[in-house]
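1. based on what follows, work out the 3D shape:
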Amino acid sequence: MSSSFVIGRRFRGPENSGNGGYTCGLVAGFVDGDAEVTLRRPPPLERPLEVTRDGERVLVHDGPDLVAEAVPTHLELEVPPPPTTAEAEAAAARYAGFATHVFPTCFVCGPKRAAGDGLRLFPGWVAGRDLVAAPVHTDDSLPAADGFLAREIAWSLLDCPGAWAMERDMEQTGVVLGRMAARVLRPMPVGAGGLAIGWPLGRDGRKLYSGTALFSPDGRLYGFARQTWIVRA
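-> As a prediction, the model looks like this:
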């Protein structure tokens, strides 16, 4: 199997590379079932990335450079109960990224992205709980099929809440996604709202660990993820 995909500039995280969750979601599309994706270098924008297989491993190259690899996995994660919509809205109003953001034009959580362009997901700390949360608002222009958002959008929504759950540890340089494993239980309808949450799972040197989950407005679980973040040097 050999194929390719292109990360459009709309789906950037840092200014000149793909959003980690979006990229991982694209790569996960080449894996049957749950996937764990490791990013080996910043995913480049606007040029074809070659996809090949080595047994069960999916490899993504930019010319000779390995950008990402993915393997099948079976993710189990204890997911906290979601906050109410009112609690998530109040938490989003306290989003730390409004004051300081290393990647302010991030497709998922960048406050400088316009509504209908970026996802404008702003996870803030929920009062009295050790987790961040934000309401989810989606736009009809997002990639979709048969009335449901594409897998890479679900992975995007499961991405950045994990970074902001580690806000107290990310230091001044911020973090980038190193690895993400996710299980999408059901697709998210186009135009549907919901809630996204993230919670801390620990730290080992420059590596930070977090969990995330995505819920429908009535509290049904769309999916969950576990991430490894790298504190930038």
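2. domain-wise, how is this protein divided?
-> According to automatic domain parsing, the chain comprises the domains 2-72, 85-231.
3. closest one to E78 among these?
-> Closest to E78 of the domains of the chain is domain 85-231 (Cβ to Cβ; 8.1 Å). The way it works is simple: take the backbone N, C-alpha and C, and place the C-beta from them, glycine included.
4. lowest-confidence helix or strand of this structure?
-> Within the chain, no helix or strand scores below strand 2-5, which has a mean of 88 by mean pLDDT, DSSP states H and E.
5. packing partners for the helix or strand just after it?
-> Downstream of strand 2-5, the first helix or strand assigned by DSSP states H and E is helix 20-28. For helix 20-28, the packing partners by 3 or more Cβ pairs under 8 Å, 6 or more residues apart in numbering; DSSP states H and E come out as strand 35-39, strand 65-72, helix 151-157, strand 175-184.
6. sorry, back to before: can you list contacts of the least confident helix or strand of the chain?
-> Under the contact criterion Cβ atoms under 8 Å, 6 or more residues apart in numbering, strand 2-5 has outside partners L26, F30, P48, L49, E50, V51, T52.
7. may I have that strand as CSV, with CA atoms only?
-> Extracted C-alpha coordinates of strand 2-5, given in CSV (Å, rounded to 0.1, in the frame of the first residue of the first chain):
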residue,chain,number,x,y,z
SER,A,2,1.3,3.4,-1.0
SER,A,3,-0.8,6.6,-0.8
SER,A,4,-0.4,10.2,0.2
PHE,A,5,-2.2,13.1,1.8
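8. residues touching the residue nearest in space to the middle of the chain, list them.
-> In the chain, the C-alpha closest to the average C-alpha coordinate belongs to D159, at a distance of 1.9 Å (Cα atoms, centre = their mean). By Cβ under 8 Å, 6+ apart, the contact list for D159 reads N19, G20, G21, Y22, C24, V108, L177, M180, T212, A225, Q227.
9. likewise for E46?
-> Contact analysis of E46 by Cβ under 8 Å, 6+ apart lists V6, I7, G8, R9.
10. perfect, I'm done here.
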